[in-house]
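Peer 1: Below: sequence and its predicted model.
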Amino acid sequence: MLALVNHRFWDENVAISLHTITFRRKSNLGIMAYASKIEHAFDFVGVNEWWATFESPFGFRMGFRYVHQTKPWPQYQHELGGSRVYYLTKDMWESIVKPKLKARDLFGTRPVPEDLLKNTYPLRPPEKLEIEL
């Protein structure tokens, strides 16, 4: 396992990003993991908005690179600590963010090829856990 992500649904229209954690630096894993949860929310569940907050310098750079806008603060606060809400709409995802990610080759193929998917089962823990600080 090299990355962990999670998000939740506020309602049928809004998904909220909670955490993106990577265990290997400088490998584009953070952006791929973050993009995968946005893709899940917009393309598979069908929400209209994605809300996030960025807690690291890398997160802020990534958020601005992928055109996240801000909601008025303090009227809108992220549930993780009351920070600003940065958001994407479905239209922004389709017209700006998704094409940028595809251009950087940060998306795989959908659906995943059957032989590749079979290689992931059974899930097993890593033999050695290495965390860079």
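Peer 2: Noted; the coordinates are in hand.

Peer 1: contacts and neighbour counts: CA atoms only from here.
Peer 2: Will do.

Peer 1: what's Ala33 in contact with, if anything?
Peer 2: By CA atoms under 8 Å, 6 or more residues apart in numbering, the residues touching Ala33 are 3-5, 20.

Peer 1: Which is the succeeding secondary structure element to the worst-scoring helix or strand of the chain on mean pLDDT?
Peer 2: The helix or strand of the chain with the lowest confidence, counting by mean pLDDT, DSSP states H and E, is helix 57-65 at a mean of 79. As assigned by DSSP states H and E, the chain's next helix or strand after helix 57-65 is strand 69-70.

Peer 1: Adjacent strands (with direction) for that following strand?
Peer 2: Strand 69-70 has its sheet partners listed here by DSSP bridges as strand 86-89 (antiparallel).

Peer 1: Using PDB, write out the CA atom coordinates for the partner strand.
Peer 2: Extracted in PDB, the C-alpha atoms of strand 86-89 (Å, rounded to 0.1, in the frame of the first residue of the first chain):
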ATOM      1  CA  TYR A  86     -11.900  24.900  -1.900                       C
ATOM      2  CA  TYR A  87     -14.200  23.500  -4.400                       C
ATOM      3  CA  LEU A  88     -14.600  22.100  -8.000                       C
ATOM      4  CA  THR A  89     -17.900  21.900  -9.900                       C
END
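
Peer 1: Understood, closing this out.
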